[in-house]
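> Starting from these lines, generate the structure:
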Amino acid sequence: MSEYKGIKGFQVQTRTTDPVPYAQALADDPYSLQWSSGGNLNAARGNIAGVGTQTAALGFGGNQPGSPKSTANEQYNGSSWTELGDLNTGRGGMFGFGTTTAAIGSGGLVYPFNPSNFATNINESWNGSAWTEVNDLNSGRATGGSSTGGTNTAGLVFGGGYLSPSPNYAIVASNESWDGTSYSEENDLNTGRGFGMGGAGTQTAALAFAGAAPGSPITLIATESWNGSSWTEVSDLNTTAEGRIGSGATNTAAIAVGGNTPAPALTGATETWDGTSWTEGNDLATVRSGVGSAGTSTVSLAFGGNAPSYTTATEEWAFGGLPPSTPAADYADAIIGDFYYNSTLGQFKNISSGVGSWSSGGSLNTPRAAPGRSGVLTSGLAFGGFPGSPPNATGVTESYDGTSFTEVADLNTSRGYSSGFGASNTSAIAPSGSTTYPGTGMPTAVENWNGSSWTEIAEVNAARSQEGSGGTATNGIIFGGFGTPPGFSHTGATETWNGSAWTEVADLNTAGRTTGAGSGTATAMLAMGRFPISGKTESWDGSSWTEVSDLNTPRFAGSGFGTYTEALMAGGSSDPPARAQTEEWDGTSWTELSDMATARQNTAGGGSVTSGFVAGGYTTDEVGVTEEWTVPDFTIKTVTTS
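Residues are numbered from 1 along each chain as shown. The predicted model follows:
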């Protein structure tokens, strides 16, 4: 009997596992900022002060089991904590800034409590081996914010409370600057806050966020930025919480961690600040408030805290997962055409090209037919359309993130049959269309979407509906469609858009309602299908249309993805019925691929030949169903040996 090596010239390789497609691996383990376990503190405590970096941090003081405040001082080296010289006065909720060899620890709660003032103004300086008392804060307080990116000769402390007996704990807006010798009073916060607030930045560029305002438990999401002379209110946090701590080297890059939402409920919510807004990220593994923190917005440390009992848990914040720059083939170790033996499964396998398929996505909030569209699978937009009886158009606009649709601002002029175009869910053009079904009331009005609102811009030269379209907000094209009365004749008229004006160019060879490849441009486009019913396909090169190979299934009113050399046509109508067929264009001919689960026409859709979405449309009624098209890097098939 001949052996495989004798036939093919090489021996079948053996693997213990199948290679994993890069796209799937990236989905399973995306490259993102995330928390991972670090070495535990030696002493469990909450409201602990922290300074330094992720690999060189100092955690000192804090509240500990029982009433006494901790004097413990520990240093982190990136993997474990080591006990160092203690504070002279144990305190919880201190202000801290500096490094592991030169730090300041100010204020805080002491024990036993002073019946007239729970907080102290004690200030200590760390030189890398011992703490020394230095000049005090002007105003004793605790649980405020500080410039975590400061040094032991240039820092800022702001806000805080516990200045009078229970139950009326005073909260202040006081702001003090440290120059290495003494504290000086500076301009106050706009809103006093305490009971666990976050701080970041430096003496001249700081950030204050979260906490509780006077009249607690009024919890704040407000953020204020310090420019060295005054505080300015900026964008709010997404999660309301007190006991929320943070860190960061500047007032343009910070992190907010944990907290109570409200007390006693705990959260592991983590948000990052980019100088303009807060973005929600991956949560802490251990939900808690009053954590110690150190580091920057991208390389940070969270330790201790109330979870709800005092904890020693330490977590490290950094980028993790599979980097997008990793070559897909290198990661998967897969070669198309490869043949191997999986020894774990006892099966022979073959690696072939990826095969695309449809899967369920998040439905539209407003089911409708003939909405306009723009974008791609993870950043799409559906706008306008016909939601049913009475047959009037809507202006509803929804944004898609690859998982779900969110309603955003409506069109100024409600319309359907305006195919639309644009690169994402933050940039789109809505041209012409119809205000009523089945196609009357065609405005020449055009609207531009900037990510938050629609604005009327230059009108098209010829009003129409059910046209083909594609491109970006500054480089687009519309063609064909259903013209205005009288007669409602079909048109082959083509207009290009340069971001400011529409220009009439050469007509289609065959007039009619058609579909465009959404990612095309004003100089490279494909017109797919036609009504009156045909599979007509035409290619645009920037100056003229050329007839190319027809679709296998004649139809119109489908969703088109891609370019004039690589495109998909999904769904559509043969008047009747609605279609589920998907066909791929390779620049020469059409090939039938997997059908959609739901046959439909007049849909919104966007993407490319490897990744796209189709939403809404009409079957026997308006639907909100969304399907997502994806193509894996490769497909592994089991080879039968019998």
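> Which helix in this structure has the most residues?
In the chain, assigned by DSSP state H, the helix with the most residues is helix 22-28.
> Sketch out the low-pLDDT regions of the stretch 251-400 of the chain for me.
For the stretch 251-400 of the chain, residues meeting the criterion pLDDT under 70 lie at 263, 329-333, 389-390.
> could you pull out the helices for it?
Under the criterion DSSP state H, counting those that start in this stretch, the stretch 251-400 of the chain contains helices at 328-332.
> Paired strands for the next helix or strand after the longest helix of the chain, with orientation please.
Counting by DSSP states H and E, the element after helix 22-28 in chain order, helix or strand, is strand 32-37. Paired neighbours of strand 32-37 in the sheet (DSSP bridges): strand 314-320 (antiparallel).
> What are the buried residues along the strand it pairs with?
Burial within strand 314-320, assessed by neighbour count using 16 or more other Cβ atoms under 10 Å, is assigned to 314-317, 320. Quick note: C-beta positions are derived from backbone N, CA and C, even for glycine.
> Could you export these as a markdown table, including distance to G512?
As requested, the buried residues of strand 314-320 are exported to a markdown table (distance: Cβ to Cβ, whole Å):
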| residue | distance to G512 |
| --- | --- |
| T314 | 66 |
| E315 | 61 |
| E316 | 61 |
| W317 | 57 |
| G320 | 52 |
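> if we can go back for a sec, now the longest helix of the chain: buried residues?
Buried, per 16+ other Cβ under 10 Å, within helix 22-28: 22-23, 25-26.
> just curious, which of those residues is nearest to T620?
In terms of Cβ to Cβ, no member of the buried residues of helix 22-28 lies closer to T620 than A23, at 35.3 Å.
> and the closest one, what does it touch?
Residues near A23 by Cβ atoms under 8 Å, 6 or more residues apart in numbering: 328, 630, 632-633.
> N350 now?
Shown in contact with N350 (Cβ under 8 Å, 6+ apart): 337-339, 636-637, 639.
> how much space between it and K637?
5 Å (Cβ to Cβ, to the nearest Å).
> where does the stretch 101-250 of the chain dip in pLDDT?
113-117, 163-169, 214-218.
> got the residue ranges for the strands in the stretch 1-150 of the chain?
Assigned by DSSP state E, counting those that start in this stretch, the stretch 1-150 of the chain shows strands spanning 13-15, 32-37, 49-52, 57-60, 73-76, 81-83, 95-98, 103-106, 109-114, 117-119, 123-126, 131-133, 145-146.
> Actually, the stretch 351-500 of the chain.
All strands of the stretch 351-500 of the chain, identified by DSSP E, counting those that start in this stretch, fall at 357-360, 372-376, 379-383, 397-400, 405-408, 421-424, 427-431, 446-449, 454-457, 468-472, 475-479, 494-497.
> can I get these in a markdown table with distance to Y437 and mean neighbour count?
Output for those, formatted as a markdown table (distance: least, Cβ to Cβ, whole Å; neighbours: other Cβ atoms under 10 Å):
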| stretch | distance to Y437 | mean neighbour count |
| --- | --- | --- |
| strand 357-360 | 28 | 14 |
| strand 372-376 | 15 | 28 |
| strand 379-383 | 16 | 28 |
| strand 397-400 | 19 | 25 |
| strand 405-408 | 22 | 16 |
| strand 421-424 | 22 | 25 |
| strand 427-431 | 17 | 27 |
| strand 446-449 | 20 | 23 |
| strand 454-457 | 21 | 16 |
| strand 468-472 | 20 | 29 |
| strand 475-479 | 20 | 26 |
| strand 494-497 | 24 | 23 |
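> of the ones you listed, which approaches I533 most closely?
Taking Cβ to Cβ, strand 468-472 is the member of those nearest to I533, at 15.5 Å.
> okay, the angle between that closest one and strand 372-376?
Strand 468-472 and strand 372-376 meet at an angle of 40 degrees, taking axes from the mean of the first three to the mean of the last three Cα atoms, to 10 degrees as the criterion.
> can you list contacts of strand 468-472?
Contact with strand 468-472 is made by 419-423, 427, 431, 476-481, 497, 514-522, 525, 527-528, 560, as judged by Cβ under 8 Å, 6+ apart.
> For the nearest residue to N138 once chain neighbours are set aside, give me phi and psi.
Leaving aside its sequence neighbours, N138 sits nearest to Y183 (Cβ to Cβ, 6 or more residues apart in numbering; 5.5 Å). Main-chain dihedrals, Y183, degrees, to the nearest 10: phi -90, psi 140.
> List the beta-bridge partners for Y183.
Beta-bridge partners of Y183, as defined by DSSP bridges: W178.
> separation between it and G159?
For Y183, the distance to G159 (Cβ to Cβ) stands at 14 Å.
> quick one: which of those two has more around it?
G159 (30 against 22; other Cβ atoms under 10 Å).
> list the contacts for that one?
Contact partners of G159, counting by Cβ under 8 Å, 6+ apart, are 141, 144-145, 171-175, 189, 192-194, 197, 208, 211.
> go with 10 Å
Residues near G159 by Cβ atoms under 10 Å, 6 or more residues apart in numbering: 95, 141, 143-146, 171-175, 188-189, 191-195, 197-199, 208, 211-213, 224.
> Distance of R368 relative to G420?
Distance, R368 to G420, using Cβ to Cβ: 14 Å.
> who touches both of these two?
The contact sets of R368 and G420 overlap at 382, 384, 604 (Cβ under 10 Å, 6+ apart).
> how many other residues sit next to the residue nearest to the first one when sequence neighbours are not counted?
Put plainly, it is A382. Leaving aside its chain neighbours, A382 sits nearest to A604 (4.0 Å; criterion: Cβ to Cβ, 6+ apart). A604 has 31 neighbouring residues, counting by other Cβ under 10 Å.
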